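Asker: next one to model:
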Amino acid sequence: MLMLLAGSPSWAQAPATWTEPTSGIEFVKIAKGCFQMGAVQAGSSIPGEGMSVPMPDEVPRHEACVDGFWIGKFEVTRAQWQRVMHPGAREAEHPQRPVLKIAPEDAKLFLQRLNAQAGDRDGTYRLPTEAEWEYACRAGQAPDDQAEYSPDVDATNKLRTVAWYQELSSNAYDLEALEVGTMRANAWGLHDMLGNALELVQDDYDENAYSQHAKMNPMIKRDGSRYVLRGGSYKSEVWHVRCGARMFGIAGDRLETVGLRVVRSVRTAGAAKARP
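Answerer: From the prediction side, this is the model:
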């Protein structure tokens with residue numbers, strides 16, 4: 001599952017980073033590119049698991065291309081949420097853990113306030129699209145169906161170095177999110193893309209989204225009644241802790257394992273050169 005995170009970086013040197021001074025959110029620069037998104041075909045049932053992977057909503061495999069963007073090196077922390085939403089308030093408990101129980105409307109308000117407070121003339125802060133999220137998660141590694149969708153011991157051991165999820169706890173009911181950055185980063189320097197907190201993206205959920213994707217900067221918007229979640233969480237089983245796994249929430253729900261990661265879009269190429 002998981003070999004796609006174990007390869008060497010596709011960049012010859014460490015990616016550029018930049019920290020937004022108001023919130024303290026650190027961003028990593030992701031270059032424009034294309035990748036293979038999704039699975040070739042849905043899988044068959046896994047013995048003893050009562051489910052099959054890849055899921056039907058992960059097909060068909062298709063080429064997706066995204067413009068360059070900056071993405072949070074970590075999930076948004078409780079401290080960062082506090083600085084934006086309640087400036088001057090007492091520091092949150094466990095400030096370096098990811099902020100959780102975030103619904104889409106909460107994320108929207110957070111981003112509105114972040115954009116207003118940051119006064120960033122060159123960029124806009126938003127959620128990643130589903131395609132941007134998967135591109136960043138895969139970090140230049142092509143999908144490997146045999147590794148990603150089979151219970152391979154070596155692959156699972158590699159996952160345990162980058163993801164905090166249910167099977168790492170002796171008691172899943174006592175499992176909590178870790179401080180961001182506790183687990184090893186992927187090849188592009190991003191932590192907790194898998195596990196720790198489920199992450200909101202811009203897309204509405206559609207089980208047939210991949211058959212409707214545009215090639216360039218695909219994104220699916222519907223009526224907002226269901227929204228896509230990515231990456232798995234500290235309570236997720238191993239089969240959901242994959243770059244290709246798609247989950248969803250229902251409008252009005254505030255799930256205890258859901259957090260967010262912020263993207264910064266640069267408005268112009270000139271601005272991108274002038275400022276990170």
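Asker: tell me the mean pLDDT for the longest strand along the chain?
Answerer: Taking DSSP state E as the criterion, the chain has its longest strand at strand 198-204. The average pLDDT within strand 198-204 is 98.
Asker: what strands line up against the helix or strand that it is followed by, and which way round?
Answerer: Using DSSP states H and E, the helix or strand that directly follows strand 198-204 along the chain is strand 226-230. Strand 226-230 has its sheet partners listed here by DSSP bridges as strand 198-204 (antiparallel), strand 246-250 (antiparallel).
Asker: ok, the closest residue in space to residue 210 that isn't next to it in sequence to residue 140 distance?
Answerer: Leaving aside its sequence neighbours, residue 210 sits nearest to residue 38 (CB to CB, 6 or more residues apart in numbering; 4.9 Å). C-betas here are computed from N, CA, C, even on glycine. Going from residue 38 to residue 140 by CB to CB, to the nearest Å gives 17 Å.
Asker: who's more crowded, the two?
Answerer: Neighbour count, other CB atoms under 10 Å: between residue 38 and residue 140, residue 38 has more, with 22 against 18.
Asker: pretty sure the more buried one contacts residue 61?
Answerer: Yes - contact criterion CB atoms under 8 Å: residue 38 and residue 61 qualify, at 4.5 Å.
Asker: mutual contacts of these two, please.
Answerer: Counting by CB atoms under 8 Å, 6 or more residues apart in numbering, the shared contacts of residue 38 and residue 61 are 143, 210.
Asker: just the CA trace of stretch 253-270, in PDB.
Answerer: Presented in PDB, the C-alpha positions along stretch 253-270 are these (Å, rounded to 0.1, in the frame of the first residue of the first chain):
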ATOM      1  CA  ASP A 253     -22.300  16.300  10.300                       C
ATOM      2  CA  ARG A 254     -19.300  17.300  12.400                       C
ATOM      3  CA  LEU A 255     -17.100  14.200  12.500                       C
ATOM      4  CA  GLU A 256     -14.600  13.900  15.300                       C
ATOM      5  CA  THR A 257     -11.800  12.800  13.100                       C
ATOM      6  CA  VAL A 258     -12.000  15.500  10.400                       C
ATOM      7  CA  GLY A 259      -9.400  18.300  10.000                       C
ATOM      8  CA  LEU A 260      -8.000  20.300   7.200                       C
ATOM      9  CA  ARG A 261      -4.800  21.200   5.300                       C
ATOM     10  CA  VAL A 262      -4.600  24.600   3.500                       C
ATOM     11  CA  VAL A 263      -3.500  25.400   0.000                       C
ATOM     12  CA  ARG A 264      -2.100  28.700  -1.200                       C
ATOM     13  CA  SER A 265      -2.800  29.600  -4.800                       C
ATOM     14  CA  VAL A 266      -0.500  32.100  -6.400                       C
ATOM     15  CA  ARG A 267      -2.400  34.600  -8.500                       C
ATOM     16  CA  THR A 268       0.200  35.300 -11.200                       C
ATOM     17  CA  ALA A 269       3.500  33.900 -12.400                       C
ATOM     18  CA  GLY A 270       5.200  37.100 -11.600                       C
END
